[in-house]
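S.K.: Quick one: sequence and predicted model below, then my questions.
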Amino acid sequence: MQIAEQFFPGALGGIVALHGRHYAEHWGFGPYFEAKVARELAGFAARRSDDDLVLLARDDAGLAASLILDLNDPMSGDRGAHLRWFIVADRRRGTGLGRMLLNRAIAHAEARRGGRAWLTTFAGLHPARHLYESQGFRLVHEAEGTAWGTVVREQEFRR
């Protein structure tokens, strides 16, 4: 397993593909969601700063996980660093890879934003929620919404 801290050729497409395949298979999300991931990720890549954190795990099968800590998201305000595009490929779930990436992101947020961080997700992702809460994230808002391209219980967690 290799962990890259820079985008490598094909990484952006790989992140979009991981999200698109996973959320289509497990949650029925469609092209709207995949396009949203692609659009927002491309925007981040174009404005990325040196203090942002990119973590990309690769194994013999390709991209195995991604986590981006966006320290300069204009939407963050006083919420701190924005945890984004955190996903682990099905073949690597349960191996501790996600926890390791999140630990690195939290250490980065501690060093640069006093530990303040936030993320958006939706209800039903129980293992992810458990992982977030184990790192000090707490649910601050929940409401039905369509930001993901389908109706879900959207959630915001903050640390």
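M.R.: Perfect, thanks for sending it.
S.K.: Could I get the contacting residues of Arg84?
M.R.: 40, 44, 68-70, 73, 119 (C-beta atoms under 8 Å, 6 or more residues apart in numbering). C-beta here means a position set from N, CA and C on the backbone, and glycine is covered the same way.
S.K.: how far out from the middle of the chain is the helix or strand where it lies?
M.R.: Secondary-structure element containing Arg84, defined by DSSP states H and E: strand 81-88. Averaging C-alpha positions (C-alpha atoms, centre = their mean, to the nearest Å) puts strand 81-88 2 Å from its chain's average.
S.K.: As CSV, could you dump the C-alpha coordinates of that strand?
M.R.: Provided in CSV are the C-alpha atoms of strand 81-88 (Å, rounded to 0.1, in the frame of the first residue of the first chain):
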residue,chain,number,x,y,z
ALA,A,81,-11.0,22.4,7.8
HIS,A,82,-13.5,20.7,5.5
LEU,A,83,-13.1,16.9,5.3
ARG,A,84,-14.0,15.9,1.8
TRP,A,85,-14.0,12.9,-0.6
PHE,A,86,-13.3,10.4,2.1
ILE,A,87,-13.9,6.9,0.7
VAL,A,88,-12.4,3.5,1.0
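S.K.: still on that earlier bit, may I ask which of the contacts of Arg84 has the most neighbours?
M.R.: For the contacts of Arg84, the largest number of neighbours (other C-beta atoms under 10 Å) sits with Leu69, at 28 neighbours.
S.K.: neighbours around the closest residue to that one other than its chain neighbours, how many?
M.R.: Among residues not flanking Leu69 along the chain, Leu53 sits closest, at 3.9 Å (C-beta to C-beta, 6 or more residues apart in numbering). Look at Leu53: counted by other C-beta under 10 Å, it has 21 neighbours.
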